[in-house]
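In: Sequence first, then the predicted structure:
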Amino acid sequence: MKKLNVKERIIETASRLFYFNGYNQTGINQIIAEAGVAKASMYQHFRSKEDIAVAYLIGRHAMWMGNLKECVTVQNTSKGKVIGCFDYIMKWLTEVNFRGCGWQNIITDLPDDHDKIRNQAVLHKNDVRKWVHDLLKSEDQYTDTEAETLGDEVLILIEGAIILSQIQNNEWPIQTAKRACIKLLA
């Protein structure tokens, strides 16, 4: 296994701390200590905790979208891929004991002036939205407008399933949202 460089150790440590402890509950000194780096080294790579959080969210986005797309490759249709996203959500959330969405979690924990972080959360959610829209647009039965409207309804099911499963610490919201998606796309 490749040894991580200073920047990678900072991002990996901060990612774990931000996701499991929260953005406001994680301090720079904790990141530095747990990453095993000097403060000066950290500041060579990142100007602020907000910049570290942006790097965390960029990495998380790439990982999350990659895992989602890989999980749904077993589906033969675009509709099947959209419905299959709930299987990915189930797998992911049970693996992290229903900790929830990194973007939802950081946004609820964010001071008002942290626009770089907020922009990353919006970018991720818009990318998921576009992914759903594009899949539904590739289905012959929908116009582009219908695909976008249905896609937005599916996105609400996805986001609701994620947050409610976190609150309930249970998989039933994901299963329920999947059943509702199947009905919606029938």
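Out: Structure's in. What do you need?

In: now the farthest one out in this structure, which residue is it?
Out: Ala40 (30.5 Å; C-alpha atoms, centre = their mean).

In: Please, which helix or strand holds that one?
Out: Using DSSP states H and E, Ala40 maps to helix 39-45.

In: How far away from the center of its chain is that helix?
Out: Here helix 39-45 is found 27 Å from its chain centre; the criterion is C-alpha atoms, centre = their mean, to the nearest Å.

In: what does stretch 176-186 give?
Out: On C-alpha atoms, centre = their mean, the centre of stretch 176-186 falls 21 Å from that of its chain.

In: tally of neighbours for the spatially closest residue to Leu184 that is not a sequence neighbour?
Out: Computed as C-beta to C-beta, 6 or more residues apart in numbering, the closest residue to Leu184 that is not its neighbour in sequence is Glu153, at 6.0 Å. The C-beta positions use only the backbone N, C-alpha and C, and glycine is treated the same way. Counted with other C-beta atoms under 10 Å, the neighbours of Glu153 add up to 15.

In: just the helices in this structure please.
Out: 6-21, 28-35, 39-45, 49-71, 78-95, 102-108, 115-137, 144-168, 172-184 (DSSP state H).

In: Pull out the buried positions in the last one.
Out: Residues of helix 172-184 classed as buried by neighbour count (16 or more other C-beta atoms under 10 Å): 173-174, 176-178, 180-181.

In: Next, format the helices of the chain as TSV and append mean pLDDT.
Out: Listed next are these as TSV, based on pLDDT from 0 to 100:
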stretch	mean pLDDT
helix 6-21	95
helix 28-35	96
helix 39-45	94
helix 49-71	96
helix 78-95	97
helix 102-108	91
helix 115-137	97
helix 144-168	98
helix 172-184	98
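
In: So Ile163 versus Pro173, what's the distance?
Out: Between Ile163 and Pro173 the computed distance is 8 Å (C-beta to C-beta, to the nearest Å).

In: Please apply the same query to Ser138.
Out: As defined by C-beta to C-beta, Ser138 lies at a distance of 28 Å from Pro173.

In: same deal with Arg60?
Out: 21 Å.

In: for Arg9, same thing?
Out: Arg9 sits 35 Å away from Pro173, going by C-beta to C-beta.

In: Around Tyr19, count how many other residues there are.
Out: With other C-beta under 10 Å as criterion, Tyr19 counts 19.

In: Please name the nearest non-neighbouring residue to it.
Out: In space, Tyr19 is closest to Gly102, 5.2 Å off (C-beta to C-beta, 6+ apart).

In: same check, this time on Val96
Out: Tyr19 (7.8 Å).

In: do Ile10 as well
Out: Nearest non-adjacent residue to Ile10, counting by C-beta to C-beta, 6+ apart: Ala35, 5.0 Å away.

In: my guess is the one you found contacts Arg9, does it?
Out: Yes. Using C-beta atoms under 8 Å, Ala35 is in contact with Arg9, at 4.4 Å.
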